[in-house]
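Q: Need a 3D model of the sequence below.
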Amino acid sequence: MYAVLAASIRKRIVGSKESSRLVNRITGYLYIVLGVFSTFASPSKT
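A: All right, here's what the predicted structure looks like:
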């Protein structure tokens, strides 16, 4: 789901280097958020 969304966003703003940099930054934040969420969501980490 996230991969499809990222792909569609990438196709939409492909062109300038600033857009690519922005996409990379958003992707980085997304990975961080998902990592933190998975850490808090895991029952073993109480």
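Q: Show me what counts as buried in the helix ranked longest in the chain.
A: Longest among the helix segments of the chain by residue count, using DSSP state H, is helix 17-41. Buried residues in helix 17-41, defined by neighbour count with 16 or more other C-beta atoms under 10 Å: Val23. Backbone N, C-alpha and C define where each C-beta goes, glycine included.
Q: which helices and strands sit right next to it?
A: helix 2-12 (3 or more C-beta pairs under 8 Å, 6 or more residues apart in numbering; DSSP states H and E).
Q: what separates the helix it packs on from the chain centre, distance-wise?
A: 10 Å (C-alpha atoms, centre = their mean, to the nearest Å).
Q: Run the angle between it and helix 17-41 for me.
A: On the basis of axes from the mean of the first three to the mean of the last three C-alpha atoms, to 10 degrees, helix 2-12 is oriented at 170 degrees to helix 17-41.
Q: now what about helix 2-12, what contacts it?
A: The contact list for helix 2-12 (C-beta atoms under 8 Å, 6 or more residues apart in numbering) reads 23, 26-27, 30, 34.
Q: Could you pull up the mean pLDDT of that helix?
A: For helix 2-12, the mean pLDDT works out to 75.
Q: CA atoms of it as PDB?
A: Only the C-alpha atoms of helix 2-12 are listed here, as PDB (Å, rounded to 0.1, in the frame of the first residue of the first chain):
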ATOM      1  CA  TYR A   2       2.700   2.500   1.000                       C
ATOM      2  CA  ALA A   3       4.900   1.300  -1.900                       C
ATOM      3  CA  VAL A   4       2.000   2.000  -4.400                       C
ATOM      4  CA  LEU A   5       1.400   5.400  -2.800                       C
ATOM      5  CA  ALA A   6       5.100   6.300  -2.900                       C
ATOM      6  CA  ALA A   7       5.300   5.200  -6.500                       C
ATOM      7  CA  SER A   8       2.300   7.300  -7.500                       C
ATOM      8  CA  ILE A   9       3.700  10.300  -5.700                       C
ATOM      9  CA  ARG A  10       7.100   9.800  -7.400                       C
ATOM     10  CA  LYS A  11       5.500   9.500 -10.800                       C
ATOM     11  CA  ARG A  12       3.500  12.700 -10.200                       C
END
